[in-house]
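*Asks:* just to be clear, the model below is a prediction. Sequence and coordinates:
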Amino acid sequence: MSDAEQPRSEDDFEPVQVFPEAEEMDLRPGADNCYKCTTCDSVCPVAEVDDEFPGPKFQGPEQWRLKRKGDEDIDPSVMSCSNCMRCDNACPSSVPLSQMHNAARGEYVEAQMDTLSREYVRNRVLANYRTMAELGSKVPRLTNFVMGLGVTKLFNEKVLGITSKRDFPEFAEQTFREWWEERGGAAASKKRAREARAERGDDTTSDEKRVAYFHGCYSNYNTPEVGKALVRVFESFGYEVVVPRQRCSGTPMFANGMLKDAERAAGVNAERFSGLIEEGYDVVASCTSCSMSLRQEYPELFSMDGVEDLSNHTYEAMEYLRIHEDLEGALEEASVSDRSYAYHAPCHARNQGLDRQAVELFRDLDGVTIEDVGPSCSGISGTYGWKAEKYDTSMAIGEEMFEHMEHAAGEVGMTECPTCSMQMEHGTGYEIRHPLQVLEEALT
């Protein structure tokens, strides 16, 4: 049985107060479990390339100990943590490192950062990408043209500190939600799901196969083809799909210490999805950072109604199908256009035990050659690689992945993470596809 097929279980954590001012942090074992083995430091991609970064051990347990002893300020280096969360998996003592980092960043931004500074304004803009994307997608062609101009890139770098070395992701002509509504929404999905069940010989009167799609910002505004692929694949297995109104998962907000923004977004998402969970829906996400946020960061950082249910019923999309359907069997007679893929497992996929699932699923699919390009971090870590002062660090972290991709047989990249796909394309020039797009081609 693969990792993705293992039954889900709730973590058995003893409460501990991570920071004195943050009562809602009483969720996981604390810094006293750390015995300074430095395993976390050895897997930190930032520490590997930046000698000035003190590493996860200092950012988490050591800083917590200092704070417990007295009124110590948060060290500014906490803002250099990329929030890849690799340290969580590496720790042999289950110290809640990323939770501590998130809490520390939030306290640093709240108490120590100048809200009129360029860094604060830039980080607030990046953390709230959804707001900018919602405006830009109203006139996508004009937005894409303006954001691609050299003068715009220069302005962003000089005024906001957003690197001019990256091409801004283009907005789609039609958002996923616009497509979803034009297609007929949940009613149309229910009809298609019943037709698929009838064709497969399943019980056409049963409405038990239900999922609520958390599409996130990027699949809505930039790559709606990923969301469309998810909908079509799930419908082909007889699932009724609903797409409730939602906010950003909060991932870029956590990474930038904007915890109040993240809490507001989490409150909306918990409210809108928990009601569906009570009706028998599970939640699926096409972005591994989104599923990670809903599953782990929400219950670690926020105490509000619906968060625990949302955490316990959220899955990455292919993970869900591998658990509940014979996905491998469905692909036995399938085929796709011949292509060789260089696959990168995002850090947030690894943290959920999903790093091998795309390779395992597609390695026997007719027409596909797939190669895992190694365990290294892509380096972009969401908004991290968009900051002018972090760009070189981001590219240095990604160098190992770039080299592995260029030496792989594949001429097309594959990953579940939208920002990893940006970095892969930026560093190699490869076309990048999401595993759901390959799955859609094979099954529908």
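*Replies:* Thanks, I have it. It should be emphasised that the depicted structure is a prediction, and the values quoted were computed from it without experimental measurement.

*Asks:* average pLDDT across stretch 300-318?
*Replies:* Mean pLDDT, stretch 300-318: 95.

*Asks:* which positions in that stretch come out as buried?
*Replies:* Under the neighbour-count criterion of 16 or more other Cβ atoms under 10 Å, stretch 300-318 has 300-302, 304, 306-307, 309-311, 313-318 buried. Bear in mind the C-beta positions are built from the backbone N, C-alpha and C, glycine included.

*Asks:* and the furthest pair within those residues?
*Replies:* Pairwise distances across the buried residues of stretch 300-318 peak at 28.9 Å for 304 and 318 (criterion: Cβ to Cβ).

*Asks:* where does the stretch 101-250 of the chain dip in pLDDT?
*Replies:* 203-207 (pLDDT under 70).

*Asks:* can you do 90?
*Replies:* Scanning the stretch 101-250 of the chain for pLDDT under 90 picks out the ranges 104, 199-208.

*Asks:* at which residues are the helices of it located?
*Replies:* 118-127, 129-136, 140-148, 150-155, 176-183, 185-200, 216-221, 224-236 (DSSP state H, counting those that start in this stretch).

*Asks:* the longest one - contacts with which helices or strands?
*Replies:* Spelled out, that is helix 185-200. When contacts are defined as 3 or more Cβ pairs under 8 Å, 6 or more residues apart in numbering; DSSP states H and E, helix 185-200 packs onto helix 224-236, strand 240-242.

*Asks:* save the ones you listed as a markdown table, and put in mean neighbour count and distance to residue 372 too.
*Replies:* Formatted as a markdown table, the helices and strands packed on helix 185-200 follow (neighbours: other Cβ atoms under 10 Å; distance: least, Cβ to Cβ, whole Å):
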| stretch | mean neighbour count | distance to residue 372 |
| --- | --- | --- |
| helix 224-236 | 23 | 21 |
| strand 240-242 | 22 | 30 |
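
*Asks:* could you dump these to CSV with distance to residue 364?
*Replies:* Putting the helices and strands packed on helix 185-200 into CSV (distance: least, Cβ to Cβ, whole Å) gives the following:
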stretch, distance to residue 364
helix 224-236, 18
strand 240-242, 27
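
*Asks:* going by residue numbers, what spans are strands in this structure?
*Replies:* Remark: strands assigned in the chain by DSSP state E are 210-214, 240-242, 282-285, 314-316, 335-343, 366-372, 412-414, 431-433.

*Asks:* what packs against the first one?
*Replies:* It refers to strand 210-214. helix 224-236, strand 240-242, helix 259-278, strand 282-285.

*Asks:* do the same with the third one
*Replies:* If you count contacts as 3+ Cβ pairs under 8 Å, 6+ apart, strand 282-285 packs onto strand 210-214, helix 259-278, strand 314-316, helix 317-324.

*Asks:* please repeat the previous calculation with a cut-off of 6 Å.
*Replies:* strand 210-214 (3 or more Cβ pairs under 6 Å, 6 or more residues apart in numbering; DSSP states H and E).

*Asks:* flag the shaky bits of the stretch 301-444 of the chain, pLDDT-wise.
*Replies:* Counting by pLDDT under 90, the low-confidence segments of the stretch 301-444 of the chain come to 356, 409-411, 444.

*Asks:* surely residue 220 touches residue 174?
*Replies:* No: using Cβ atoms under 6 Å, residue 220 is not in contact with residue 174, being 10.5 Å away.

*Asks:* the two: who's more crowded?
*Replies:* The neighbour comparison of residue 220 against residue 174 (other Cβ atoms under 10 Å) goes to residue 220, with 24 against 12.

*Asks:* contacts only, for residue 148.
*Replies:* Neighbour list for residue 148: empty [criterion: Cβ atoms under 6 Å, 6 or more residues apart in numbering].

*Asks:* any idea how far residue 164 is from it?
*Replies:* 11 Å (Cβ to Cβ, to the nearest Å).

*Asks:* quick one: the helices in the stretch 301-444 of the chain?
*Replies:* 307-312, 317-324, 327-330, 347-350, 357-362, 391-407, 418-428, 435-443.

*Asks:* what are the contacting residues of the fifth one?
*Replies:* What it means is helix 357-362. Residues outside helix 357-362 that contact it (Cβ under 6 Å, 6+ apart) are 4, 318, 343, 368, 370, 372, 435.

*Asks:* switch to 10 Å and redo it
*Replies:* 2-5, 316, 318-319, 321-322, 327-328, 331, 336, 341, 343-345, 349, 368-372, 414-416, 434-436, 438-439, 442 (Cβ atoms under 10 Å, 6 or more residues apart in numbering).

*Asks:* returning to what we had before: looking at the helices and strands packed on helix 185-200, which is nearest to residue 39?
*Replies:* Residue 39 lies closest, by Cβ to Cβ, to one member of the helices and strands packed on helix 185-200: helix 224-236, at 34.5 Å.

*Asks:* gap between residue 270 and residue 283?
*Replies:* According to Cβ to Cβ, residue 270 and residue 283 sit 11 Å apart.

*Asks:* what do you get for residue 213?
*Replies:* 8 Å.
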